[in-house]
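Visitor: what follows is a predicted structure for the sequence shown.
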Amino acid sequence: MEQDKTVATIGYRLGTTNVDLCVEHMVESGMLIETLGQYGAAFRPAARQVLGLSDGPTVALVVAGSPAERAGLKPGDVLVDADTVPFAAAPPASADGRFAGIEAAMTALDTALADGKARLTIVRNGQRRTIDLIGVTACKARFQLVPGDYADAVANGTWVQLSTRMAGFAKTPDELAAILAHELAHNALGHRKAKAKVQRLQELQADRLMPYLMARAGFDPDAAVVLWRRFQAQRLGGLFPSATHPSWSDRVRAVEIERVRIAGLVSRGDTIVPPDDLKSR
């Protein structure tokens with residue numbers, strides 16, 4: 001759970017400090033909600049005991065300093081309705097877990113927060129409470145850590161997901177921020193699935209925008225160079241060079257060029273902004 005919290009916290013910082021660089025936006029609450037049904041049957045008892053999850057959408061974690069924390073939401077709170085609209089009943093749990101229920105709950109929360117605020121009814125320790133939640137504008141991205149022994153990280157315009165193995169390669173929070181910022185860069189630039197040649201160009205664009213997203217959120221862009229070089233040396237799985245990804249030498253060079261430019265902006269006291277070709281349109 002600590003790793004989930006780190007991912008959520010870093011994602012919150014990246015998403016809320018780079019709004020002007022993103023094509024699409026959302027209202028961010030700074031909390032992660034989950035249900036028992038998204039876990040396989042073997043893991044549900046532990047999820048209930050350790051995370052306090054229930055069949056309904058339950059607050060799994062709250063990012064420090066976020067709107068959710070300011071509103072007083074706590075892990076274990078079960079969401080009943082938002083602006084009097086009840087959260088849909090969770091679909092029947094399957095043996096291997098289903099994500100549809102929590103996806104519907106997240107979409108319902110996003111809808112309620114679209115105007116910047118929502119009145120939530122929750123159940124805490126068996127008692128109903130009403131909480132007013134005022135969100136903040138952020139890049140459209142739900143950050144999620146996905147259990148898996150494969151090294152991968154993906155973005156699809158709404159989600160930014162990375163596997164637990166990929167997260168494990170990051171030795172510092174700044175290196176983890178590099179992985180998340182690269183994927184957020186795809187969302188920020190409006191990248192979607194494309195043919196191999198176009199996707200290679202998109203990967204380089206994301207590599208170049210990544211250090212700007214990091215620096216603006218208070219992370220060290222040098223960590224991106226260190227991590228990309230490590231991936232280059234290990235020729236790593238999900239970010240492995242292929243028909244859809246440039247060579248690691250090209251990717252490292254792209255990051256280094258922008259990192260040097262950022263250092264120059266900082267030394268002159270200028271605002272950290274990427275070149276025009278990396279700005280959303």
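Guide: Cool, the structure landed.

Visitor: just confirm Q161 is within a strand.
Guide: Yes - Q161: assigned to a strand according to DSSP: H, G, I helix; E, B strand; the rest coil.

Visitor: that one reaches Q144, doesn't it?
Guide: Yes - between Q161 and Q144 there is a contact at 4.9 Å, judged by CB atoms under 8 Å. Every C-beta, even on glycine, is put in place using the N, C-alpha and C of the backbone.

Visitor: can you pull out the helices in this structure?
Guide: In the chain, the segments counted as helices under DSSP state H are 2-17, 44-51, 67-71, 100-112, 164-169, 173-188, 196-216, 222-234, 248-267.

Visitor: relative to D132, which of those is closest?
Guide: For D132, the closest of those is helix 67-71, at 6.4 Å, according to CB to CB.

Visitor: and that closest one, what's buried?
Guide: P67, A68, A71 (16 or more other CB atoms under 10 Å).

Visitor: reformat those residues as TSV; add pLDDT.
Guide: Putting the buried residues of helix 67-71 into TSV (pLDDT from 0 to 100) gives the following:
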residue	pLDDT
P67	98
A68	98
A71	98
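
Visitor: between those, which sits nearest D277?
Guide: Of the buried residues of helix 67-71, the one sitting nearest to D277 (CB to CB) turns out to be P67, at 33.5 Å.

Visitor: and the gap between the closest one and R124?
Guide: With distances taken as CB to CB, to the nearest Å, P67 is found 18 Å from R124.

Visitor: circling back: comparing the helices of the chain by mean pLDDT, which bottoms out?
Guide: When the helices of the chain are compared by mean pLDDT, helix 44-51 comes last with a mean of 74.

Visitor: with just CA atoms, put that helix into PDB.
Guide: Once non-C-alpha atoms are left out, helix 44-51 reads as follows in PDB (Å, rounded to 0.1, in the frame of the first residue of the first chain):
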ATOM      1  CA  ARG A  44     -10.200 -10.400  -1.000                       C
ATOM      2  CA  PRO A  45      -9.900 -11.300   2.700                       C
ATOM      3  CA  ALA A  46      -6.500  -9.500   2.900                       C
ATOM      4  CA  ALA A  47      -8.000  -6.500   1.000                       C
ATOM      5  CA  ARG A  48     -10.900  -6.300   3.500                       C
ATOM      6  CA  GLN A  49      -8.700  -6.700   6.500                       C
ATOM      7  CA  VAL A  50      -5.600  -4.600   5.500                       C
ATOM      8  CA  LEU A  51      -7.200  -2.000   3.300                       C
END
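
Visitor: list the buried residues in it.
Guide: R44, A47, L51.

Visitor: can you tell me what sits against that helix?
Guide: Helix 44-51 is contacted from outside by M1, E34, L36, Y39, L53, S54, T58, A60, P75, A93, using CB atoms under 8 Å, 6 or more residues apart in numbering.

Visitor: now the angle between helix 2-17 and that helix, please.
Guide: 60 degrees (axes from the mean of the first three to the mean of the last three CA atoms, to 10 degrees).

Visitor: quick one, what contacts the nearest residue to S249 once chain neighbours are set aside?
Guide: Nearest non-adjacent residue to S249, counting by CB to CB, 6 or more residues apart in numbering: Q232, 7.1 Å away. Contacts for Q232 (CB under 8 Å, 6+ apart) come out as W248, S249, R251, V252.

Visitor: tell me the one among those nearest to D115.
Guide: R251 (40.4 Å).
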